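Asks: Need a 3D model of the sequence below.
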Amino acid sequence: MNISQKAVKIGIVAIGALLLLFFLFQFLTKPTPHSPPPPKGIVSEKPTGGNFTLTSINGQQSLSNFKDKLVLLYFGYTYCPDICPTDLGNLAMAYRGLNDQEKEQVQILFVTVDPERDTVNRMAEYTGYFDADMVGLTGTNAEIATVAKQYGVVYMKANNPLNSHSSAENYTVDHSAFTYIIDATGQLQTQLPHAMPPQQIQNTIQTYLTQDKAS
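Replies: I've put the predicted structure just below:
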């Protein structure tokens with residue numbers, strides 16, 4: 001067999017191997033008939049922010065009720081295993097590090113993305129654990145979806161991988177984990193990333209409070 005024939009044979013073998021890999025990839029990545037449909041989320045373009053009205057243990061509350069305060073707005077849910085406790089805990093520690101005069105100018109709002117389970121009573125009990133004068137807000141699915149869209153929040157129900165029992169309440173909620181900074185005029189200024197250390201949050205709060213005084 002001459003060199004050209006060997007080259008042709010090698011080429012044919014290589015092409016065959018590539019085709020085999022291609023069909024294997026198609027087979028392995030093709031969804032099975034029993035695969036659940038992907039959960040639906042809410043996705044927004046650039047957040048616009050703005051006023052909204054939801055419900056707390058004390059009745060309806062609007063963002064405008066906290067005019068003249070720096071608002072730290074967070075979206076999550078009370079059954080959240082780790083992300084929400086981390087972020088809310090850091091916000092609470094930052095708040096407790098402020099002096100009394102600064103605390104009077106700051107309000108933390110916690111909006112649930114799981115209104116089916118997070119009642120006003122549960123929200124009040126949960127936020128009370130953090131000892132930061134935090135207000136828990138809930139509402140209907142439609143109300144939450146509207147506010148989430150305003151702030152570019154993404155969330156969706158997902159099966160709970162830690163619990164194999166079939167139940168209507170056996171789910172988690174995947175969600176974005178930003179803290180939104182809203183100034184004393186009600187304007188969305190910026191967002192803080194997940195797990196920002198308390199001292200950095202405190203520094204950010206004090207920076208905005210100083211800017212508000214100067215303006």
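Asks: the helices in this protein, which residues?
Replies: 3-29, 83-96, 100-103, 120-128, 141-150, 198-214 (DSSP state H).
Asks: what's in contact with the fifth one?
Replies: Which is helix 141-150. By Cβ atoms under 8 Å, 6 or more residues apart in numbering, the residues outside helix 141-150 that reach it are 42, 44, 47-50, 52, 54, 75, 111-113, 115-116, 138-139, 153-155. All C-beta atoms are positioned from the backbone trio N, CA, C, and that covers glycine.
Asks: And that helix, how far out from the chain middle?
Replies: Centroid displacement of helix 141-150 relative to its chain, using Cα atoms, centre = their mean, to the nearest Å, is 13 Å.
Asks: Mark which of the contacts of helix 141-150 are buried, thanks.
Replies: Among the contacts of helix 141-150, those classed as buried by 16 or more other Cβ atoms under 10 Å are 42, 47, 49, 52, 54, 75, 111-113, 115-116, 138-139, 153-155.
Asks: between the residues you listed, which is nearest residue 206?
Replies: Set against residue 206, the nearest of these by Cβ to Cβ is residue 49 (21.5 Å).
Asks: And for the closest residue in space to that closest one that isn't next to it in sequence, the neighbour number?
Replies: Among residues not flanking residue 49 along the chain, residue 188 sits closest, at 2.9 Å (Cβ to Cβ, 6 or more residues apart in numbering). As a burial measure, residue 188 scores 18 neighbours (other Cβ atoms under 10 Å).
Asks: what bridges to residue 188?
Replies: Beta-bridge partners recorded for residue 188 (DSSP bridges): residue 182.
Asks: residues contacting it?
Replies: Contacts of residue 188 by Cβ under 8 Å, 6+ apart are 47, 48, 49, 50, 151, 180, 181, 182.
Asks: In CSV: these, plus pLDDT.
Replies: What follows is these, written out as CSV (pLDDT from 0 to 100):
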residue, pLDDT
47, 92
48, 93
49, 97
50, 97
151, 98
180, 98
181, 98
182, 98
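Asks: can I see the domain layout of this protein?
Replies: Following automatic domain parsing, one gets these domains for the chain: 1-31, 53-214.
Asks: from the buried ones among the contacts of helix 141-150, which is closest to residue 214?
Replies: Residue 214 has its nearest neighbour among the buried ones among the contacts of helix 141-150 in residue 49, at 21.9 Å by Cβ to Cβ.
Asks: Just flag the most distant two among the buried ones among the contacts of helix 141-150.
Replies: Most distant of those, by Cβ to Cβ, are 49 and 116, 25.4 Å apart.
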